[in-house]
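# Kindly generate the corresponding structure for this input.
(chains A and B)
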Amino acid sequence: SAVISQKPSRDICQRGTSLTIQCQVDSQVTMMFWYRQQPGQSLTLIATANQGSEATYESGFVIDKFPISRPNLTFSTLTVSNMSPEDSSIYLCSVKGVPETSSGNTIYFGEGSWLTVV
Amino acid sequence: AQKITQTQPGMFVQEKEAVTLDCTYDTSDPSYGLFWYKQPSSGEMIFLIYQGSYDQQNATEGRYSLNFQKARKSANLVISASQLGDSAMYFCAMREDWAGNMLTFGGGTRLMVKP
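I've put the predicted structure just below:
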């Protein structure tokens, strides 16, 4: 299985500021994703982080609000820009297992970054 | 229409007993995968079990098994011999081949194990 590390694990942020979340994987993976989980809700996909090209955003999410970088096959960042209390959520990085291994069909998640905007 | 439905918002189970968490799904894609995740209060999402749409046998992983009924479009999670540490939120999710590798999640079931 893939080991995924996210930073920060928790943060309290001021309204109007921006915060960048990092996701580091212990192996090279093709597919990386960013999800949001608002309080008491299920997970919603924000975007697919593409290595070497712009991220692919889902409906309701835009690059200006959630810029994503993917400089290589083991690392990605998600920035939450100009934060408001509605952005208070858990943000989770996710990767797909390596196809050639037994975990090829599995999708793994990081520990999550719990953001509270005040 | 909801793609993944978990009808049990909360459930109690006695320690050491088995419990079934329900999940039904909706897709017209013949190739798809079904996942179950556990989310403790810390917020991390822990992968439990995977079932592919073409898998002939029900998936099992230790105390977890997936009761896959394809015709009924259900993928219930069975936890045998419940432990206090099993208390958490449980999410059912689906990946459809046409949609790439994104997951669609159900609303979750909160399981509480009683000592």
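# Could you pull up the residues touching the closest residue to chain A within chain B?
Relative to chain A, the nearest point of chain B is B:Met45 (3.7 Å; Cβ to the nearest Cβ). Placement of C-beta: from N, CA and C, glycine included. B:Met45 sits next to A:43, A:92, A:94, A:109, A:112, B:37-39, B:91 when contact means Cβ atoms under 8 Å, 6 or more residues apart in numbering or on different chains.
# Next up, the contacts around A:Trp34.
Neighbouring residues of A:Trp34 by Cβ under 8 Å, 6+ apart: A:23, A:45-47, A:49, A:66, A:68, A:76, A:78, A:91-94.
# and it, how far is that from chain B?
Per Cβ to the nearest Cβ, to the nearest Å, A:Trp34 is found 11 Å from chain B.
# Specify the local secondary structure of that residue.
Following DSSP: H, G, I helix; E, B strand; the rest coil, we place A:Trp34 in the strand state.
# before we move on, which element is residue 12 in?
Reading this off chain A. Assigned by DSSP states H and E, A:Ile12 belongs to strand A:10-13.
# think we crossed wires, I meant chain B
Going by DSSP H and E, B:Phe12 is in strand B:10-14.
# Which residues of chain A lie near chain B?
Within chain A, the residues that sit near chain B (Cβ under 8 Å from any Cβ of the partner chain) are A:1, A:31, A:33, A:35, A:37, A:42-45, A:48, A:58, A:90, A:92, A:94, A:96, A:105-112, A:114.
# Narrow those residues to those in helices?
Among those, no member falls in helices (criterion: DSSP state H).
# residue ranges with poor pLDDT in chain A?
A:1, A:98-104 (pLDDT under 70).
# how close does the residue lying closest to A:Met31 once chain neighbours are set aside get to B:Arg72?
Excluding the flanking residues, the one nearest A:Met31 by Cβ to Cβ, 6 or more residues apart in numbering or on different chains is A:Lys96, at 4.0 Å. Distance, A:Lys96 to B:Arg72, by Cβ to Cβ, to the nearest Å: 28 Å.
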